[in-house]
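Trainee: The sequence and its predicted three-dimensional model are supplied below.
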Amino acid sequence: MSDVPTKTEKRYLRVPEAAAHLGLSFHTLAKHRCYGTGPRYHKLGGRIAYTVEDLDAWAATGLQTSTSDPGAGHIRPVHRGRR
């Protein structure tokens, strides 16, 4: 059996790998999770895990084509109490 996931298998990343995948720091991703502004995640045995699909979907909400493009959504910087 291969260690490479097939298209039907989900690949789960722990917080450091998920942060690296998004180009964010570990702490920024943790703050997004705490404030409810980050990507969907799973709790697996008390550990946090993200699917690559959920990370990519969250990142796509901030996709823009120009500075005047309203885009599909907006990913705000992490600040307590702001959404």
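Mentor: Yep, that arrived.
Trainee: from here on, contacts and neighbour counts on C-alpha atoms
Mentor: Will do.
Trainee: how about low-confidence regions in the chain?
Mentor: 1-8, 69-74, 76, 79-83 (pLDDT under 70).
Trainee: residue boundaries of the helices in it?
Mentor: With helices called from DSSP state H, the chain shows them at 15-22, 26-35, 52-60.
Trainee: Between those helices, which one is closest to L44.
Mentor: Nearest to L44 among the helices of the chain is helix 15-22; the distance by Cα to Cα comes to 12.2 Å.
Trainee: quick one on the thing from earlier: indicate which one of the helices of the chain is closest to G46.
Mentor: So among the helices of the chain, helix 15-22 is nearest, using Cα to Cα, at 12.6 Å.
Trainee: So which bits of the closest one are buried?
Mentor: Using 16 or more other Cα atoms under 10 Å as the burial criterion, the residues of helix 15-22 that qualify are V15, E17, A18, A19.
Trainee: In TSV: those, plus distance to Y41.
Mentor: As requested, these are exported to TSV (distance: Cα to Cα, whole Å):
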residue	distance to Y41
V15	10
E17	13
A18	10
A19	12
